[in-house]
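**Student:** Requesting a structural model of the entry that follows:
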Amino acid sequence: MVAMSDLEDIKQVKYRYLRALDTKKWGEFAATLTEDIVGDYGSSLGEKHHFTDRDSLVEFMRNALPANVISEHRVTHPEITVDGDEATGTWYLQDRVIVADFDFMLVGAAFYQDRYRRTPDGWKISATGYDRTYEATMSLKGLDFKLTPGAALG
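**Tutor:** Reported below is the predicted structural model:
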């Protein structure tokens, strides 16, 4: 029988992962991951984004989402299965990435496929990645786009 607290704890670690990613709190982001995490974020510009350790994955995210890049990641509809100290999860993702310096915005959706492991420090993500259902890019021109105070992090 699965304890409801396990399901809640797994949801919390996923939400923390996304909050830390979007607020660029890299220590908190790293704390949601096992040291041997496997990350697969597909490819862009001909470069694969596959990782087999926490340090490499965190460094990639730190470089991909510097202070001038605004991101918003939302997950819903979790399907979580717990089997002892291991779990799997599928999440529906909606995301947005804004790079005002390059007059660029990406809006997309995907399904995250995660694995989780119970550790002495609680549940952590041991594998993560997503399959895109769509991705649209657009110019910010004509959108009356402006950043409000506090919108830029870093």
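**Student:** residues contacting the most centrally placed residue in the chain?
**Tutor:** Nearest to the geometric centre of the chain sits Leu18, at 4.8 Å (C-alpha atoms, centre = their mean). Listed by C-beta atoms under 8 Å, 6 or more residues apart in numbering, the contact partners of Leu18 are 73-75. Bear in mind the C-beta positions are built from the backbone N, C-alpha and C, glycine included.
**Student:** The same query, at a cut-off of 7 Å, please.
**Tutor:** When contacts are counted by C-beta atoms under 7 Å, 6 or more residues apart in numbering, Leu18 touches 73, 75.
**Student:** a helix runs through it, doesn't it?
**Tutor:** Yes - assessed by DSSP: H, G, I helix; E, B strand; the rest coil, Leu18 belongs to a helix.
**Student:** Who does the longest strand along the chain pair with, and is each partner parallel or antiparallel?
**Tutor:** What stands out as the longest strand in the chain, according to DSSP state E, is strand 122-139. Taking DSSP bridges as the criterion, strand 122-139 forms sheet pairs with strand 33-44 (parallel), strand 104-119 (antiparallel).
**Student:** These: which one's closest to Asp22?
**Tutor:** strand 104-119 (13.9 Å; C-beta to C-beta).
**Student:** Show me the contact partners of that closest one.
**Tutor:** Residues outside strand 104-119 that contact it (C-beta under 7 Å, 6+ apart): 10, 14, 34, 75, 85-98, 123-138, 140.
**Student:** What subset of the residues you listed is buried?
**Tutor:** Neighbour counting over the contacts of strand 104-119 (16 or more other C-beta atoms under 10 Å) leaves 10, 14, 34, 75, 87, 89, 91-93, 95, 97-98, 123-130 as the buried ones.
**Student:** I'd like to know how many residues surround Leu65.
**Tutor:** Using other C-beta atoms under 10 Å, Leu65 is surrounded by 20 other residues.
**Student:** which element follows the worst-scoring helix or strand of the chain on mean pLDDT toward the C-terminus?
**Tutor:** One helix or strand of the chain scores below all others by mean pLDDT, DSSP states H and E: strand 47-51, with a mean of 73. Beyond strand 47-51 in the direction of the C-terminus, DSSP states H and E gives the next helix or strand as helix 54-64.
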